[in-house]
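**Student:** After the sequence you'll find the predicted model.
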Amino acid sequence: MATLDAATTKESNLKRVTARTSELTTEETLLKPSPWQWRLILFLIHLTSLLNGYDMSNVANIQASVYEAFGHIELLPWVALSYTMGAVAVTPMVRRVVESLTQNYKHLRALMGLSYTGVYQTYVLKIMLRLVYKNLNLVSVFADAQEAARIAGMVGMFWAVGIIVGPFISAGFAENSVTTWRWAFYVNLPFLGVLLCRTTFCLSPYTVRSTTSRPDSLLWMDFVGGALHCAISILLPCALIMSGTSWSWNSSSTIITWVFLAIIFIVYIVQQKYALLTSPKNRVLPVDALTHRISGLAALGAACSGITYAISLYYLPLFYALVRGASPLEAAIYVISFIGFFILSIVLASIALPLVGYYAPFFALAGVLMLVGGVLMTTITSSTTDRSIFGYQVLLAIGVGLIFSNAYSVANASLRSPGERIAAAALFNMASFSGICLALAVAGSLYHNAGMLLLQKELAQFGLDRVYISEALAGVASPAFQANARILESLQRTMSIVVSRLFYIVVFAGVVCLLASLMMKWEKIDFKSKAEQEGNGEEREKCDSVDCLQQ
C-alpha cells in the first residue's frame, strides 16, 4: 500500500514539474525578447497605430469628393464603415491564427490591404480592400500589466495623431488640382515599406500555445462560428444602411435581410454557448474574457467610447461643411479641438490609471462626460456659436480618451496568462470596432433616411429634384443652393437638425457606460510588474521570519 501511495505521489509530482517546466519555457520564449528587438517592436506597433489612425480619419471630410467621383449616395457610408466592419468580422478568427502561426507571418499578411485602397475604380473593390485588422496582441504577450498600460496609452496617442493628420492630408490632396483624393491612400506606401522590413527582421516567430502552436492546429479552428460571426458583422450594417435608401422598408430585400440576420444571430449565440461543432477552448468568440466581470464590462466601456468617437469624428465635419459652408480643410480645423483633447485625455489617463489603480472612477467619469456632451450636442442649431460647439467637443473628447485605451489596460491587468491576454486584446479590438461600426451603421441609416425625409419636406416648396437633395446630404455644394439664399438657409437649418439628432446615439452610449461603471467592483487593480510583485513577496516573507517578528 505504501509503495502504491509513493508511486502515485511520484507520478503527481512529475506531472506538476512537467507542467511548470512547459509554462516556464513558454513564458521565457514569449516575454523576454532582446532589448533592441523590443524597441524595434514598439516602433513597429506605434507606426502601425499611426497609419491605422490616419486610415480611419482620412475619409472623414472628403466624402463629398468621393461622392462626386462615384455617385450613389446610398453607398457613401460604406467608405468609412468598411474598415471597422472588416476588423469586427475577422478579429475572432485572427485570434486563433495568432495562436497557431508565427506573429511575423500574420503581421505581413495584415499589412497587405492598406496599399491598394486608392487603386480601384468601384466602391465594391474599395470596400473589400479596406478590411484591415489592428490588434494589441504583441503587447498582450510581451508586456506585463504596468508596461502594457503605458504602451496602450502610447498606442492610443499615436492612433490619435494619425486621426489628426488624416483629415488635413486628405483635404490637401482633395483640394489640389493636380492630385486627387486617391492620394490620401497612396501616401501610406512608403511607411508600409518600412513596416514590412521591420516585420521581417524584428518580430519573433512565437506562438502562444505550447502544445498546439503549429499550422496543423488551424484544422481545429471554429470555422462554423467564424462564418456565423462574419455573416452577422456584414449583414447587420448592410441591413441598416440599405434599408430605406437602396431598398424600401417594405420590400422583400429588406424583410429577407432582417429575417436572415435574426436567424443567424440566434444560431450563433446557441452555437457559441454550447460549443456546437467545436470545443469550448476552440470557440471563435473569447467567451471567457467576455463573461469575466472586469474584462467584459471594460469591453462594454470601450464600445461606448468607440460609438462616441465615430459620431463625433465623422459627422462634425459634415455639420461644418453643410451648415457653415466649410471646405474639407476648414472642416478639419474645426474638429481639431476634439482630437487634441482626445490625445491629451488618453495620455493623462494612461499615466494616471497605473498610479491610482482604481479603474471604475475612470469609466464613471467618462460616462458622465459623454452623456453631458451628447445632450448638449443634441441642442445645436445653425445659430449655435462655434465656441459653444468647441466646448461640447471638449467634453466628449475627454470622456472618450479616459477609457479608449484604458479599457484594454484594465482587461489585460485582470488576466494573467498569455492566452487570456490574447483573448482580452481580441475582445478589446472587437468591442472598440464594434462600437464604431454599429455607430456608423445606425447613424448612416438615420442620416440618410431622416435627412431625406426632412429635406424633401423642407425643400418641397422650391421644387428641387431628389438628386440635389442627395448632393446636399453628401456635402456637395450645388449651384442650386448657392443661387438662392432662402434655399441655402432652409438647407442649413434642416441639416443642423439632422446632425444634432445623431448625437442621441452618443447620449445612449454615455448612459450605458455610466451603468457599466456602477456594475464594476470599485476595487484596485495591481499594475505592478512581475519583478516588483516578487520583490514585495520576498519582503513579506522576511517579515514573517522570527527576526522581523521580534522587531
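**Tutor:** Okay, I see it.

**Student:** model confidence over the helix or strand that contains Gly86, on average?
**Tutor:** Counting by DSSP states H and E, the element that carries Gly86 is helix 77-98. Helix 77-98 carries an average pLDDT of 73.

**Student:** Now Ser243, what are its backbone angles?
**Tutor:** phi -70, psi 120 (degrees, to the nearest 10).

**Student:** quick one: it and Trp258, what's the gap?
**Tutor:** 8 Å (CB to CB, to the nearest Å). For every residue, glycine as well, the C-beta is placed using N, CA and C.

**Student:** now Tyr274
**Tutor:** Distance from Tyr274 to Trp258, by CB to CB: 25 Å.

**Student:** how is the chain carved up into domains?
**Tutor:** 31-221+284-527, 222-283 (automatic domain parsing).

**Student:** Burial-wise, tell me which of the ones you listed comes out on top.
**Tutor:** Looking across those with neighbours counted as mean count of other CB atoms under 10 Å, the highest average goes to domain 31-221+284-527: a mean of 20.

**Student:** Which pLDDT value does the model give the nearest residue to Ser248 once chain neighbours are set aside?
**Tutor:** In space, and not counting its chain neighbours, Ser248 is closest to Thr254: 6.9 Å by CB to CB, 6 or more residues apart in numbering. As predicted, Thr254 sits at a pLDDT of 91.

**Student:** In terms of helices and strands, where is Thr254?
**Tutor:** Using DSSP H and E, Thr254 falls in helix 252-274.

**Student:** Remind me what whatever helix or strand comes next after that helix packs against, helices and strands.
**Tutor:** Per DSSP H and E, the first helix or strand lying C-terminal to helix 252-274 is helix 287-291. If you count contacts as 3 or more CB pairs under 8 Å, 6 or more residues apart in numbering; DSSP states H and E, helix 287-291 packs onto helix 293-323, helix 418-459.

**Student:** Compute the inter-axis angle for the last one and helix 293-323.
**Tutor:** Using axes from the mean of the first three to the mean of the last three CA atoms, to 10 degrees, the inter-axis angle of helix 418-459 relative to helix 293-323 is 30 degrees.

**Student:** Check which element follows helix 418-459 along the chain.
**Tutor:** helix 466-474.

**Student:** May I have that following helix exported as CSV, CA atoms only?
**Tutor:** Only the C-alpha atoms of helix 466-474 are listed here, as CSV (Å, rounded to 0.1, in the frame of the first residue of the first chain):
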residue,chain,number,x,y,z
ARG,A,466,-34.1,64.3,-55.5
VAL,A,467,-30.6,64.4,-57.0
TYR,A,468,-29.9,67.9,-55.4
ILE,A,469,-31.1,66.6,-52.0
SER,A,470,-28.7,63.6,-52.3
GLU,A,471,-25.9,66.0,-53.1
ALA,A,472,-26.8,68.1,-50.0
LEU,A,473,-26.6,65.0,-47.8
ALA,A,474,-23.2,64.2,-49.2
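
**Student:** pLDDT averaged over it, what's the number?
**Tutor:** Averaged over helix 466-474, pLDDT sits at 71.

**Student:** what's the answer for stretch 311-328, then?
**Tutor:** Computed over stretch 311-328, the average pLDDT equals 83.

**Student:** next one: stretch 344-359
**Tutor:** 88.

**Student:** Mind pulling up the pLDDT for Ile127?
**Tutor:** So Ile127 comes in at 36 (pLDDT).

**Student:** same thing with Lys32?
**Tutor:** 55.

**Student:** please begin residue numbering at 527 from this point
**Tutor:** Okay, using 527 as the starting number, the last item reads as Lys558.

**Student:** what residues are up against Val834?
**Tutor:** Actually, residue 834 is Thr. It isn't Val. Taking CB atoms under 8 Å, 6 or more residues apart in numbering, we find Thr834 in contact with 896, 899-900, 922, 925-926, 965, 1032, 1035-1036.

**Student:** Select the helix or strand of this structure having the lowest average pLDDT value.
**Tutor:** Of all helical and strand segments in the chain, the minimum by mean pLDDT, DSSP states H and E falls on helix 649-654, at a mean of 36.

**Student:** Pretty sure Lys920 sits against Ser863.
**Tutor:** Actually, residue 920 is Val. It isn't Lys. Yes: using CB atoms under 8 Å, Val920 is in contact with Ser863, at 6.0 Å.

**Student:** Run through the neighbouring helices and strands of the helix holding Thr780.
**Tutor:** Looks like helix 778-800 contacts helix 749-768 (3+ CB pairs under 8 Å, 6+ apart).

**Student:** which residues sit against the helix it packs on?
**Tutor:** 600, 603-604, 607, 611, 614-616, 618-619, 779-780, 783-784, 786-787, 790-791, 793-794, 797-798, 802-804, 809-811, 963-964, 966-968, 970-971, 974.

**Student:** go with 6 Å
**Tutor:** With CB atoms under 6 Å, 6 or more residues apart in numbering as the test, helix 749-768 has contacts from 603, 607, 611, 614-615, 618-619, 783-784, 787, 790-791, 794, 797-798, 803, 810, 967-968, 970-971.

**Student:** Does Ile833 touch Val1037 like I think?
**Tutor:** No: using CB atoms under 6 Å, Ile833 makes no contact with Val1037, being 11.3 Å away.

**Student:** quick one: low-confidence ranges for the stretch 727-876 of the chain?
**Tutor:** 727-744 (pLDDT under 70).

**Student:** where does the stretch 877-1026 of the chain have low pLDDT?
**Tutor:** Using pLDDT under 70, the stretch 877-1026 of the chain drops low at 990, 997, 1000-1010.

**Student:** can you check the stretch 577-726 of the chain too?
**Tutor:** Low-confidence segments of the stretch 577-726 of the chain (pLDDT under 70): 582-603, 605-606, 621-672, 674-675, 697, 700-708, 710-711, 718-726.

**Student:** measure Phe791 to Glu673 for me?
**Tutor:** From Phe791 to Glu673 the distance is 38 Å (CB to CB).

**Student:** cool, and Arg1012?
**Tutor:** The gap separating Arg1012 from Glu673 is 61 Å, by CB to CB.

**Student:** go on, Leu816?
**Tutor:** In terms of CB to CB, Leu816 sits 25 Å off from Glu673.

**Student:** Ok, Leu897 next?
**Tutor:** 33 Å.

**Student:** Likewise for Val750?
**Tutor:** According to CB to CB, Val750 and Glu673 sit 37 Å apart.

**Student:** do the same with Ala933
**Tutor:** For Ala933 relative to Glu673 (CB to CB), the value is 17 Å.

**Student:** before we move on, what about Gln798?
**Tutor:** 32 Å.
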